[in-house]
Structures are given as structure tokens and as C-alpha cells.
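1. no sequence on this one, just coordinates:
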């Protein structure tokens with residue numbers, strides 16, 4: 001990372017701030033990246049965009065939760081809904097007449113043409129029972145960044161809108177305690193995204209459920225395998241780019257998901273979660289090609305999509321945090 005303070009006139013006029021404040025402005029401020037009409041799907045591909053099988057699996061999970069709750073209307077809350085792709089797919093996959101109240105939670109405006117059954121909100125509804133599902137939401141909850149200086153002291157990383165960085169004051173208080181507990185920095189140059197804001201955001205979201213299941217799916221890591229130099233990066237137009245907080249690209253970093261987890265939560269890879277919901281990459285029998293070629297082609301396509309969703313080194317490595325209420 002570039003900690004050198006540039007001497008040019010334009011750079012000198014740009015304010016310094018922590019990465020949390022800079023990301024908040026870049027993603028959600030006036031003309032912020034996430035408020036643009038094209039939405040996240042215009043710049044990167046998630047499991048939702050990879051295959052409709054993902055929404056079908058979530059719909060199946062919602063049916064399971066409804067059964068556990070003993071019937072009656074249940075809520076489906078799509079956290080960080082983008083332009084409503086997941087909630088639309090879930091509604092389409094549910095059986096006719098399934099008693100569901102659908103909510104999409106997103107800071108951008110409601111997209112035109114969205115299913116009228118979907119209630120569009122800026123924050124999750126309180127006191128509902130059902131399934132709250134956050135697919136790639138927590139990685140975009142802004143977080144500050146810390147780096148160990150030459151003496152091994154964790155300091156806040158400051159940044160300008162052009163992406164230039166420098167080290168600020170030592171990390172203190174709750175952030176320092178979070179680092180020491182979840183992501184200690186020992187060697188000069190080691191970096192971490194301070195996940196306290198994400199822990200709080202997730203606890204707040206889970207707290208809106210009166211009963212049911214909350215699920216967070218994300219790029220993630222756990223204490224036994226923290227990346228030494230952090231994961232802060234940017235995306236634009238489907239390509240990874242330097243994280244420049246000027247509103248022209250996504251700013252994201254992997255989530256310390258074990259820090260978010262409550263005492264009764266479980267963590268498992270996406271490949272295991274989806275396999276349990278009936279999504280596998282098993283190819284159809286070759287005999288089907290001769291008896292029903294059309295069905296064989298459809299089944300082969302589904303198997304390819306399922307394989308992408310559950311692949312090692314790809315989407316299958318995403319972690320699912322499941323927390324019952």
C-alpha cells in the first residue's frame with residue numbers, strides 16, 4: 001500500500017479520513033457507487049446472478065424455516081437486496097399460495113418493475129418471524145483499517161479520495177480490543193479490517209427477528225486463517241481494481257465472520273450448505289441423452305450451474321453463518 005504523501009496541488013487539497021468514513025461516502029454518499037442505476041450486478045457477479053438455483057435453494061430453506069415455526073405467514077427479509085434479484089427469484093421458486101411477506105432491505109431507491117409483493121425498506125422490519133438472508137452484505141458494511149507500524153503498534157490507516165494512504169494515530173478503545181481479540185497485529189506492515197462495525201450490524205439485523213433463522217453469506221475468514229495484509233480491494237465493471245474511495249468503484253473486504261457469530265451460530269462452507277438444500281453438481285446419467293435429449297441438456301446445464309455455486313476455490317468457498325432465533 002502507498003503510504004507516501006503526495007505533494008501535488010490536487011492531492012494536497014483532498015481530506016484525510018479513516019477507511020470507514022471514506023467507504024461510507026464512496027458507496028452511499030451523494031452519487032455513491034451503490035446508488036447508481038445499474039446496481040451491484042453491473043460490476044460484479046454473485047451467487048444470485050450465477051444461477052437461479054441459488055434462489056431456489058434459499059426458497060427451500062425458507063420452507064424449512066416455515067415448517068419449524070409451525071405454519072402461518074412467514075417473512076423473507078433480503079438484506080442488501082441490490083435491485084431485488086434474490087427476493088424476486090425466491091418468490092418465483094416458492095409453491096403457489098405459500099404464505100410469505102417479502103422485504104427487500106437496500107439503501108438505493110426501489111427499482112422500477114419490482115414485484116408488488118415486495119416491501120422495499122432502508123432497514124429491516126422489526127419483530128418478524130421467518131428467514132433473514134444477507135448475501136454479500138457484510139463485506140460492504142464500511143470498516144476501518146489498521147496497520148502495524150515499524151514498532152508493531154496498530155495504527156489507523158488514513159486515506160484520501162484518490163487512494164493515497166498514510167498511518168494515523170494508534171488504534172484505541174473498542175477497536176483496539178476487537179483487534180486484540182479477533183485479529184491481532186504483531187509484525188510491522190501487517191494489516192486488518194476492523195470488523196467491529198460488521199459485528200454490530202449483524203447483531204442488529206438478527207435482533208429484528210422474533211423467531212426464525214438469520215443467514216449471512218460472504219467472502220470470509222476465521223481466526224485460524226486471517227490474511228496477514230488484509231483483503232481491502234475494489235471492483236469495477238467485473239474486474240478487480242485498486243480500492244480508491246472516490247465513488248467510481250466498489251470498496252469491499254472479506255468478513256471476519258467468526259467474530260460476528262453469536263454463541264448458537266454455525267459456520268459452514270457454501271458447498272455444504274447448498275448440498276444440504278439439494279444443490280449438487282452431479283451430472284445426469286448419459287442414458288438420458290438417448291431417451292430424452294432435451295431433458296438431458298437441461299439437467300446438464302443445471303449441473304454446471306450447481307458446480308459453479310459449490311466449486312472449491314470459487315463460490316463454494318463462501319462461508320454461511322446460520323444463527324437461529
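-> That came through fine. What you see is a predicted model; the values in this text were computed from it and never measured.
2. which intervals of the protein have sub-threshold pLDDT?
-> Scanning the chain for pLDDT under 70 picks out 1-13, 38-51, 281-316.
3. residue 194 - how many residues pack around it?
-> 26 (other C-beta atoms under 10 Å). In short, each C-beta sits where N, CA and C put it, glycine included.
4. ok, residue 97 next?
-> 6.
5. helix, strand or coil for it?
-> coil (DSSP: H, G, I helix; E, B strand; the rest coil).
6. how near is it to residue 73?
-> 12 Å (C-beta to C-beta, to the nearest Å).
7. equivalent analysis for residue 274, please.
-> 26 Å.
8. pick out whichever of those two has more residues nearby.
-> Neighbour comparison, residue 274 and residue 73: the larger count goes to residue 274, with 26 against 13 (by other C-beta under 10 Å).
9. name the element the more buried one belongs to?
-> helix 270-276 (DSSP states H and E).
10. buried ones in that helix?
-> 270, 271, 273, 274, 275 (16 or more other C-beta atoms under 10 Å).
11. dump those to JSON lines, plus distance to residue 105.
-> Listed next are the buried residues of helix 270-276 as JSON lines, based on distance: C-beta to C-beta, whole Å:
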{"residue": "270", "distance to residue 105": "21"}
{"residue": "271", "distance to residue 105": "27"}
{"residue": "273", "distance to residue 105": "21"}
{"residue": "274", "distance to residue 105": "23"}
{"residue": "275", "distance to residue 105": "28"}
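12. closest one of the residues you listed to residue 69?
-> residue 273 (19.8 Å; C-beta to C-beta).
13. was I right to think the closest one contacts residue 320?
-> Yes: with contacts counted by C-beta atoms under 8 Å, residue 273 reaches residue 320, the gap being 4.4 Å.
14. which residues are common contacts for those two?
-> Shared contacts of residue 273 and residue 320, defined by C-beta atoms under 8 Å, 6 or more residues apart in numbering, comprise residue 217.
15. what ranges do the strands span in the stretch 151-300 of the chain?
-> 154-159, 165-170, 191-193, 209-218, 220-221, 233-236, 239-241, 250-252, 255-256, 266-269 (DSSP state E, counting those that start in this stretch).
16. what's opposite the residue nearest to residue 183 when sequence neighbours are not counted in the beta bridge?
-> Nearest residue to residue 183 in three dimensions, chain neighbours excluded: residue 192, at 4.2 Å (C-beta to C-beta, 6 or more residues apart in numbering). Residue 192 has these beta-bridge partners by DSSP bridges: residue 146.
17. which ones are touching residue 192?
-> 145, 146, 147, 154, 179, 183, 185, 226, 230.
18. quick one: the fifth one and residue 173, what's the gap?
-> In this structure, residue 179 lies at 11 Å from residue 173, with C-beta to C-beta as the measure.
19. okay, these two: which has more neighbours?
-> residue 179 (19 against 8).
20. quick check: the more buried one vs residue 155, distance?
-> 11 Å.
21. for residue 79, same thing?
-> In terms of C-beta to C-beta, residue 79 sits 32 Å off from residue 155.
22. same check on residue 199?
-> From residue 199 over to residue 155 (counting by C-beta to C-beta), the distance is 21 Å.
23. higher neighbour count, these two?
-> residue 199 (21 against 18).
24. now do the contacts for that one.
-> Contacts of residue 199 (C-beta under 8 Å, 6+ apart): 178, 259, 260.
25. any idea how far the last one lies from residue 76?
-> Taken as C-beta to C-beta, the spacing of residue 260 relative to residue 76 amounts to 21 Å.
26. between the two, which is the more surrounded one?
-> Using other C-beta under 10 Å as the criterion, residue 260 and residue 76 rank with residue 76 on top: 28 against 25.
27. isn't the more buried one up against residue 99?
-> No: applying C-beta under 8 Å, one finds residue 76 not in contact with residue 99, separated by 10.9 Å.
28. just checking, residue 54 touches residue 89?
-> Yes: between residue 54 and residue 89 there is a contact at 7.4 Å, judged by C-beta under 8 Å.
29. for those two, indicate the residue with more neighbours.
-> Neighbour count, other C-beta under 10 Å: between residue 54 and residue 89, residue 54 has more, with 29 against 21.
30. my read is the more buried one is in a strand, agree?
-> No: counting by three-state DSSP, residue 54 is not found in a strand; it is helix.
31. any idea how far it lies from residue 66?
-> Taking C-beta to C-beta, one finds residue 54 at 19 Å from residue 66.
32. residue 264: neighbouring residues, count only.
-> Residues near residue 264, counting by other C-beta under 10 Å: 9.
33. buried ones in stretch 89-99, by neighbour count?
-> 89, 90, 91, 93, 94, 98.
34. thanks again, I'm all set now.
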